[in-house]
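>>> Give me coordinates for this.
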Amino acid sequence: MTDKNAETFAAALQALKRGEVIVFPTETFYGLGADALNEAGVERIVSLKGRNPDSPIAVIVAGQEMLAQMVSEVPPVAQKLIDRFWPGPLTLVLPAKEGLPAPLLNRDRKIGVRISSHTVAARLARELGHPLTATSANPSGKEPARTIQEARAYFDDRIEIFLDGGTLTGKAGSTVAEVIEHKLRIIREGKISSEELERWI
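Just a heads-up that it's a prediction; the model follows:
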């Protein structure tokens, strides 16, 4: 990491701690990042995205210890998938702990979580010590940003800090799957195919 990048990273971390929103790279697209436990930061994401309240905001956790702070249960099938596909582009929808910001939860009070395989995203969650929102950096209905220039075109006047991770080659977002009892329900097929998930369980 160059001095300038290290400076920007440190500034991004401070911004997250203040409840601000940043743009950061993930293994799929650029993301809008806020401290997922900060109500004001999460509401700011909703406002920036123009997001439908029925589309909950997924989060990136730093590890299984942080996961335990966010979810009340990890079914055995989910644990199998975690052991195989995390860190990586698999978001698992699991029962949420009480007291989390409402925009993170679906109607069944579940939350989408993953450990990111992108070093910057993973490090942000680790050093923040809190989960990080992981919604793509684009207004709802627009193309996800794959370059920092595209993210700036969307949000330059409303976000101060953009962490540049170069051109991201994601062709799809993370795969989103819910474990209900012993079965898997694919909510959105992304980088990891449903066949690959089914094969593993």
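>>> Residue ranges in this protein under the pLDDT threshold?
Low-confidence segments of the chain, defined by pLDDT under 70: 1-3.
>>> Any idea which residue is closest to the centre of it?
Centroid check for the chain by Cα atoms, centre = their mean gives Ala134 as the closest residue, at 2.0 Å.
>>> Spit out the contact partners of that one.
The contact partners of Ala134, by Cβ atoms under 8 Å, 6 or more residues apart in numbering, come to Thr26, Gly31, Gly33, Ile57, Ala58, Val59, Ile60, Thr91, Arg114, Ser116, Ala121, Ser174. Just so you know, the C-beta spots here come from the backbone N, C-alpha and C atoms, and that holds for glycine as well.
>>> and it, how far is that from Glu181?
26 Å (Cβ to Cβ, to the nearest Å).
>>> List just the nearest of the contacts of Ala134 to Arg51.
Distance to Arg51, by Cβ to Cβ, is smallest for Ile57 among the contacts of Ala134, at 7.3 Å.
>>> does that closest one sit in a helix, a strand or a coil?
Following DSSP: H, G, I helix; E, B strand; the rest coil, Ile57 is assigned to coil.
>>> okay but it is in contact with Thr133, surely?
Yes: between Ile57 and Thr133 there is a contact under Cβ atoms under 8 Å: 5.2 Å.
>>> Now do the shared contacts for these two.
Common neighbours of Ile57 and Thr133 (Cβ under 8 Å, 6+ apart) are Ala36, Val42, Ile45, Leu104.
>>> And the first one, how far from Gln149?
From Ala36 over to Gln149 the distance is 27 Å, taken as Cβ to Cβ.
>>> Val21 now?
Where Gln149 is concerned, Val21 sits at a distance of 18 Å (Cβ to Cβ).
>>> Which of those two has more residues huddled nearby?
Taking neighbours as other Cβ atoms under 10 Å, Val21 and Gln149 compare with Val21 leading, 24 against 12.
>>> Looks like the more buried one contacts Arg44 (just checking).
Yes: counting by Cβ under 8 Å, Val21 touches Arg44, with 5.1 Å between them.
>>> so the residue lying closest to Leu92 once chain neighbours are set aside, which of the three states?
Counting by Cβ to Cβ, 6 or more residues apart in numbering, Ala78 is the residue found nearest to Leu92 once chain neighbours are left out, at 5.4 Å. Secondary structure state of Ala78, per three-state DSSP, is helix.
>>> ok, Ala78 touching Leu94?
Yes: the pair Ala78 / Leu94 is scored as a contact, 6.2 Å apart, by Cβ under 8 Å.
>>> shared neighbours, those two?
Listed contacts common to Ala78 and Leu94 are Val179; contacts here mean Cβ under 8 Å, 6+ apart.
>>> which residues of this structure fall in helices?
Secondary structure of the chain (DSSP state H): helices at 3-17, 39-49, 64-70, 76-85, 119-128, 148-155, 194-200.
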